[in-house]
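In: Any chance you could fold what I've pasted below:
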Amino acid sequence: MTPVPLSNCPCSNRTDVVVCLVAGDAEHKLRDIGVREGATLSVLNNDSNVIVRLAGCRIGLRREVASCVMVTPAKR
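Out: Coordinates of the predicted model:
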């Protein structure tokens, strides 16, 4: 399946992160909170910002950042 930006995923979808197309500090911050290749995210809200659940934690991402996180539907 072709990866799509996380910002395009509807609520209630479980997704697997394929690649993060951000660089510098933003990349390090995403990796530090667990948003990295292979992570499974559940989309909780996709309005002005994107809120996901990752390992039991709710994480809010700016839409600009979420659009750089490429995902596919979760396999597990």
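In: Pro73: neighbour count?
Out: For Pro73, the neighbour count with other C-beta atoms under 10 Å is 11. C-betas here are computed from N, CA, C, even on glycine.
In: ugh, typo on my part, it should be Met1
Out: Applying other C-beta under 10 Å, I find that Met1 has 9 neighbouring residues.
In: what about it, distance to Asn13?
Out: According to C-beta to C-beta, to the nearest Å, Met1 stands 13 Å off from Asn13.
In: Give the intersection of the neighbour lists for these two.
Out: Residues touching both Met1 and Asn13 by C-beta atoms under 8 Å, 6 or more residues apart in numbering: Pro73.
In: In the protein, what residue spans correspond to helices?
Out: With DSSP state H applied, the chain shows helices at 25-33, 63-66, listed in chain order.
In: could you redo those as TSV and give each row mean neighbour count?
Out: TSV is the format used below for the helices of the chain (neighbours: other C-beta atoms under 10 Å):
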stretch	mean neighbour count
helix 25-33	13
helix 63-66	17
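In: out of those helices, nearest to Asn46?
Out: With C-beta to C-beta as the measure, helix 63-66 is the member of the helices of the chain nearest Asn46 (8.3 Å).
In: Please consider this matter closed, and thank you.
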